[in-house]
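*Asks:* need a 3D model of the sequence below.
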Amino acid sequence: MNKDFTFTIKNLRLDENYHPSNNTRITTNFANLARGESRQSNLRNALQMIDNSFNALAHWDNPQGDRYSVELEIISVDMDIDGSGETFPSIEVLKTYIVDHKTGERTEGIVGNNFSSYVRDYDFSVLLLDHNKDQPQFSIPDNFGELHGNLFKYFVNSDTYRRNFSKLPVICLSVSDNKTYHRTENQHPVLGYEYQPNESSLTEQYFKRMGLQVRYFMPPNSVAPFAFYFFGDLLNDYSNLELISTISTMGTFQRIYRPEIYNANAVAGARYKPNLKNKDHSLTQIVYDREERSRLAIEQGKFTEENFIKPYQNILQQWSANYA
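*Replies:* Numbers count the residues shown, from 1 in each chain. Sure, this is the predicted structure:
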């Protein structure tokens with residue numbers, strides 16, 4: 001049955017002229033910025049913030065702080081389940097490119113960064129909510145995230161992935177506001193101090209189903225740690241500049257979307273508990289509608305249920321059981 005699943009990859013430049021496509025989840029970080037009256041200035045300001053952050057971290061042989069710029073590409077992955085030619089938008093990630101204005105070189109950064117998935121919307125905003133609707137105590141459905149995890153691993157192991165990308169993905173997310181993080185003595189020159197959480201989270205368990213490990217680091221110039229999800233060896237599989245491309249890109253998005261944590265006026269200490277109600281933070285000059293984002297996640301989850309989960313339920317269940 002595996003042979004019936006084929007992937008198509010589309011690439012789209014993310015710059016100030018970007019307009020979200022019909023298949024893009026509109027809750028995705030960059031798509032949310034690219035809407036409304038401020039769309040062009042939002043994008044221009046965010047991209048400038050990314051470049052500034054990159055140069056601040058890649059400060060060696062960079063006296064003016066303007067040696068590098070980051071180019072971003074949106075990678076959309078469509079999946080054909082039954083060979084009919086009908087596709088469903090399975091995941092969307094970002095790929096970074098590093099432009100060195102001193103040498104004129106343009107090199108690949110990291111693929112992944114932001115992670116967007118319709119099936120994840122279904123799992124968290126439909127399946128999980130329905131499961132807990134009449135429950136006295138919160139619980140997780142059996143095999144929660146298994147289908148999504150198997151689909152992701154299948155894509156990463158596919159010929160399509162290998163043809164298009166030279167390294168495995170790294171995904172960078174915000175920390176959880178219901179956990180406490182403790183700073184360790186481990187310090188990386190680019191990723192900064194490593195932090196360890198007091199317990200595992202549902203997000204960690206969900207990404208583990210996707211085959212991904214997680215480590216938490218607070219890079220220099222950041223005020224809070226980030227969650228880095230990866231395969232293999234995060235510290236040795238990627239160059240410093242590749243890691244900086246992810247930190248600068250996702251650090252910028254998190255400053256816009258989670259200013260209470262990532263644009264806070266106080267730096268995380270040795271023991272850190274993120275707080276989304278933190279009033280002591282600064283806002284960026286970028287317009288963002290957080291309430292709309294939460295509401296749309298439910299709409300997108302229901303779209304997935306109607307157009308993917310229900311029509312292909314038997315095929316997906318049988319495939320996932322065999323794949324596992």
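*Asks:* SS state for the residue sitting furthest away from the middle of the chain?
*Replies:* Going by C-alpha atoms, centre = their mean, the residue of the chain most distant from its centre is P136, 32.2 Å out. Put simply, P136 is coil when judged by DSSP: H, G, I helix; E, B strand; the rest coil.
*Asks:* what's the answer for K10, then?
*Replies:* strand.
*Asks:* I'd like the distance between it and K208.
*Replies:* Distance, K10 to K208, using C-beta to C-beta, to the nearest Å: 28 Å. Where C-beta positions appear, they are placed from N, C-alpha and C, glycine not excepted.
*Asks:* likewise N307?
*Replies:* 27 Å.
*Asks:* with L147 instead?
*Replies:* 15 Å.
*Asks:* return the helix or strand in the chain with minimum mean pLDDT.
*Replies:* helix 29-33 (a mean of 61; mean pLDDT, DSSP states H and E).
*Asks:* mind listing what's buried in whichever helix or strand comes after that helix?
*Replies:* Counting by DSSP states H and E, the element after helix 29-33 in chain order, helix or strand, is helix 39-57. Neighbour counts over helix 39-57 (16 or more other C-beta atoms under 10 Å) mark 39, 42-43, 45-47, 49-55, 57 as buried.
*Asks:* count the residues that sit near the closest residue to A266 other than its chain neighbours.
*Replies:* Nearest residue to A266 in three dimensions, chain neighbours excluded: D280, at 6.3 Å (C-beta to C-beta, 6 or more residues apart in numbering). Neighbour count of D280, defined by other C-beta atoms under 10 Å: 9.
*Asks:* so how far is N221 from N275?
*Replies:* In this view, N275 and N221 are 21 Å apart by C-beta to C-beta.
*Asks:* strands of the protein, residue ranges please.
*Replies:* 6-14, 68-80, 88-100, 106-117, 170-174, 181-188, 192-197, 213-218, 226-230, 271-272 (DSSP state E).
*Asks:* these: which one's closest to I261?
*Replies:* I261 lies closest, by C-beta to C-beta, to one member of these: strand 170-174, at 6.3 Å.
*Asks:* contacts for that closest one, please.
*Replies:* For strand 170-174, the external contacting residues (C-beta atoms under 8 Å, 6 or more residues apart in numbering) are 93, 110-115, 203, 207, 212, 226-230, 234, 238, 246-247, 249-250, 254, 257-258, 261-262, 274.
*Asks:* okay, now the unreliable bits of this protein?
*Replies:* The model of the chain has pLDDT under 70 over residues 1-4, 19-38, 287-294, 324.
*Asks:* dump the strands of the chain to a markdown table, plus distance to I286.
*Replies:* Listed next are the strands of the chain as a markdown table, based on distance: least, C-beta to C-beta, whole Å:
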| stretch | distance to I286 |
| --- | --- |
| strand 6-14 | 15 |
| strand 68-80 | 15 |
| strand 88-100 | 17 |
| strand 106-117 | 16 |
| strand 170-174 | 16 |
| strand 181-188 | 26 |
| strand 192-197 | 24 |
| strand 213-218 | 23 |
| strand 226-230 | 19 |
| strand 271-272 | 25 |
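*Asks:* can I get these in a markdown table with mean neighbour count?
*Replies:* As requested, the strands of the chain are exported to a markdown table (neighbours: other C-beta atoms under 10 Å):
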| stretch | mean neighbour count |
| --- | --- |
| strand 6-14 | 15 |
| strand 68-80 | 19 |
| strand 88-100 | 21 |
| strand 106-117 | 22 |
| strand 170-174 | 22 |
| strand 181-188 | 15 |
| strand 192-197 | 19 |
| strand 213-218 | 20 |
| strand 226-230 | 23 |
| strand 271-272 | 16 |
